[in-house]
Each structure stands twice: as C-alpha cells, then as structure tokens.
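**Q** Sequence first, predicted model second:
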Amino acid sequence: MSALDRALSLAPWLAATLMTAAIVHLASILLMPALAPRDAFARLETLAPRASLTPLAPARPGREIAPFGDPAMAVAICRYDLRDGPLRLRAELTGDDFVSFSFHARGAAIFYAMTDKAAFRGVIDVLVVTPQQLEALEAADPEDEIPAETRLVSPTLEGFVYMRSLAALPWQAEEAAARLRKVECAAEAL
Amino acid sequence: MRLGVLIKVLLTLALGAALGLGATWAAVWHGAAFGGVVAGPWRAWPRAGARDRDPYAAAVLARTGEIPLDLAEGLVFYAETDSDDRALTAACVYRLRGPTPPARFWTLTATGADGHLIENPAGRYGFTSSEVLRDESGAFEIVLSSRARPGVWLPAPAGETFRLVLRLYDTPVAASAGALGPADMPAVIRESCA
C-alpha cells in the first residue's frame, strides 16, 4: 500500500469526522438557550415574585444581576405567568425623562418594547395576554369602541417586563427609581 | 479488521464531538469578536434582543444572562480595542473624542473584559450625555486612565483588558446602524502607556 493509498483510505473517515463536528456544533448552539441554567429568566426568577413590581438595585461593582448593566439606569422587573390571568402594566409618566419597557418571553427574546414616548396622554397601559385570553377579551369588547389599552400577546406563558429609568445626572438616581416604583403591575381576572 | 473499523468509528465520533463542541465554545465564549455592525473600534448587535435574532446571538445571551436592549429602546456599542485595533488596557491612557450618533440620551461605561463593573476609588463607572460638555460640532472628550486626570476623567477598570460600552437610548439610527462609519463614532486614541 503506497502512502497515497493510505491517505485516500482515510479520507472518508476524515469527512465523517467533519460531518460529526458540524452536527454536534449546530445542535449544541441551538440547544444553548434551552439548556443554559443561568439565563436572564433564571436569574430574575429567584429575585422577583410573580405579578408584582420588583425594583432591582442599580448596577454597581460586585452586585450586578447580569453583565453589561447600565449604572445610570434605575431598574425594575415584573415577572408574569399568564396562567394567573392577563398582566396589567400601567404607568403614568410625566416629564421628559427616559423610561423604557421591554417584554421578554421565557428564553429571553424580546417580543415588544416601548419607551415613554409611546405614552398616550402621559399614560402607558398594557395588557399582556395569551392568544386565548385575547380572543375572550375581543369577544367581550363593545362593538364600536377601540380598547384603551395596548394588548400584547406573549409567545410564552411565562416572561417578564424589564423597566429602565434613566438618571441623566447622578443625583437624579432616587428620582429615576421613584418613577418605576409608581408603575402598577398586577395579574387581572378576565 | 473488524476491531480496526470499530476503533475508527469511535475515533471519528469522539474527534467529531470534540471539534463540534470546541467550535461552540469558541463561538459562544469568545463570540464577541464576530458578526454585528462595525464602526471604527465599536461593534453592535442590533438584533440581539429580537425574536428573529440568529442562533449564535441567542446562545451567547443565554450564557451571559445579559438583558439586551430592544431596537425600540436603543442600541448598544461595545469596544474592546482602541481605534488602532490594540486591546484596551488599564496600563495605558486613552482619549475618547468625537461625535456620537443622534440619540435622546447616551451613556458611556467602562467595564471589565467580562462586562462586569470593577470597583474604583472614585466610584465613577461612566458618564451620561447630560454630564459631558460638547463643542459646537457635538463632539465631546473623555480621558480614560487608571490614575486621576484633569478634564472629564473616567477611571480605567483594573485588570488585563477592559471594554467600553456606549449605549444610545431612543435613537433613530437603531434601524440603520449598518450605515454608521468610524467618523460617526467617538475615536479611542491611545496616548501613553506605563
């Protein structure tokens, strides 16, 4: 057997090795979000009860819940489980201070987000629902009235609302946190 | 002969699994080095939080637990190097100078290599757009150094390397970040090293 023949006889094994590598790589990447034990939802789950507004400490060295938190932001979360009923989020926002709300499905993808600029007459009024709850709500809606609230269908039963409020200047940190403490967040009966 | 084949099959599977997991590890643990939108030393992943993000971005976020910003909220740029592509280190003094893309507010933070804040005696971890002065062209200047400096001084995080994080809140560029070039972003200029 010449050296060339030996090399050629190994070629299919080499190809099989690379195929295995590709399959293992793709499978592990796709499974990461499902298997990661310390993703954002897992971390917040231990910090916050369901359907109630939970202020979090602003990012400071040694006590951060996640990397890359903005130290200038006051933060609060509201974790939900739509089996408890739709989640009502209501915030009265005055002034021109930056406040944002992002709605995270379990698995951490954001399915909706808005800033204080989305407030209608200074109010943000959101109802997070399942597709079934949305159907029930729409069936009960009066014919010719547009609902006052923004209805968001959550792709998962569980998730969380992440709220940020900017302290543009260091001494405004308390003011920024107070804006979030006024946000109402609760499960609602259908 | 049959034993030979069995050994080859097992070797193929073992080597393939090791290579595959190695590639995953490289992509997820050191993934910050590829993809996204690049402007000078700055890099952003505009779709990181979105439902149509790519599986690599999802895997990276699942590992770090970082809570991403949605495009409707803003856009985050990260820098691991200066404008000449050298890793940022507390042993050097840097001058950040230039404009920022239009945004209602922005904040600039220095973090450790893993994205966590690192204690410094000044208790200063970043600046907001309301805190720094800008000239007529909208440009600002911040000095990054491990020792106190005159001017707008941001302490450089201790450790081998560090990162800069520029967050643009409520920004119209979120949807067209790909069009940004180095001239739209602050330059990170290395001045001197210890």
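**A** It's in.

**Q** What is the burial count for B:A14?
**A** 12 (other Cβ atoms under 10 Å in any protein chain shown). Glycine gets a C-beta too; all of them are placed from N, C-alpha and C.

**Q** Repeat that for the one 3 residues further on.
**A** For B:A17, the neighbour count with other Cβ under 10 Å is 17.

**Q** repeat for A:S100
**A** Other residues within reach of A:S100, judged by other Cβ under 10 Å, total 23.

**Q** So it lies in a helix, does it not?
**A** No: under DSSP: H, G, I helix; E, B strand; the rest coil, A:S100 sits outside any helix and is assigned strand.

**Q** ok now do it, which residues does it touch?
**A** A:A113, A:M114, A:T115, A:D116, A:M163, A:R164, B:A72, B:E73, B:G74, B:Y169 (Cβ atoms under 8 Å, 6 or more residues apart in numbering or on different chains).

**Q** per-residue confidence at B:A156?
**A** Note for B:A156: predicted pLDDT of 94.

**Q** what number of residues lie near the spatially closest residue to it that is not a sequence neighbour?
**A** Once flanking residues are discounted, B:A156 sits nearest to B:A90: 4.3 Å by Cβ to Cβ, 6 or more residues apart in numbering or on different chains. Neighbours of B:A90 under the rule other Cβ under 10 Å: 23.

**Q** so can I have a markdown table of the contacts of A:S100 showing secondary structure?
**A** What follows is the contacts of A:S100, written out as a markdown table (three-state DSSP):
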| residue | secondary structure |
| --- | --- |
| A:A113 | strand |
| A:M114 | strand |
| A:T115 | strand |
| A:D116 | helix |
| A:M163 | strand |
| A:R164 | strand |
| B:A72 | coil |
| B:E73 | coil |
| B:G74 | strand |
| B:Y169 | strand |
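
**Q** Just put those residues in TSV and tack on pLDDT.
**A** Listed next are the contacts of A:S100 as TSV, based on pLDDT from 0 to 100:
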residue	pLDDT
A:A113	94
A:M114	94
A:T115	94
A:D116	93
A:M163	96
A:R164	96
B:A72	91
B:E73	94
B:G74	93
B:Y169	96
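
**Q** The residue nearest to B:A156 is in contact with B:R147, isn't it?
**A** No: contact criterion Cβ atoms under 8 Å: B:A90 and B:R147 do not qualify, at 9.7 Å.

**Q** Any idea which residue is closest to the centre of chain B?
**A** Centroid-nearest residue in chain B, with Cα atoms, centre = their mean: B:Y78, separated by 2.2 Å.

**Q** Is that one in a helix, a strand, or coil?
**A** strand.

**Q** Also A:L180?
**A** With three-state DSSP as the basis, A:L180 sits in helix.

**Q** Then A:I77?
**A** Criterion first, three-state DSSP; result for A:I77: strand.

**Q** and the nearest residue to A:E158 once chain neighbours are set aside, how many neighbours?
**A** In space, and not counting its chain neighbours, A:E158 is closest to A:R106: 4.5 Å by Cβ to Cβ, 6+ apart. Neighbour count for A:R106, taken as other Cβ under 10 Å: 20.

**Q** and A:R106, what does it touch?
**A** A:F41, A:T156, A:L157, A:E158, A:G159.

**Q** could I get these as CSV with pLDDT and secondary structure?
**A** CSV is the format used below for the contacts of A:R106 (pLDDT from 0 to 100; DSSP: H, G, I helix; E, B strand; the rest coil):
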residue, pLDDT, secondary structure
A:F41, 78, helix
A:T156, 92, coil
A:L157, 93, coil
A:E158, 92, strand
A:G159, 92, strand
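
**Q** top of these by neighbour count?
**A** Using other Cβ under 10 Å as the neighbour test, the contacts of A:R106 are led by A:G159, with 25 neighbours.

**Q** Which residue, other than its chain neighbours, is closest to that one?
**A** Per Cβ to Cβ, 6+ apart, closest to A:G159 is A:A105, 4.8 Å.

**Q** Quick check: the one you found touching A:F111?
**A** Yes: the criterion here is Cβ under 8 Å, and A:A105 meets it with A:F111 at 5.4 Å.

**Q** that older thread, may I have the phi/psi pair for the residue nearest to A:E158?
**A** Main-chain torsions, A:R106, degrees, to the nearest 10: phi -60, psi 130.

**Q** B:R53 too?
**A** Dihedral angles for B:R53 - degrees, to the nearest 10 - are phi -70, psi 160.
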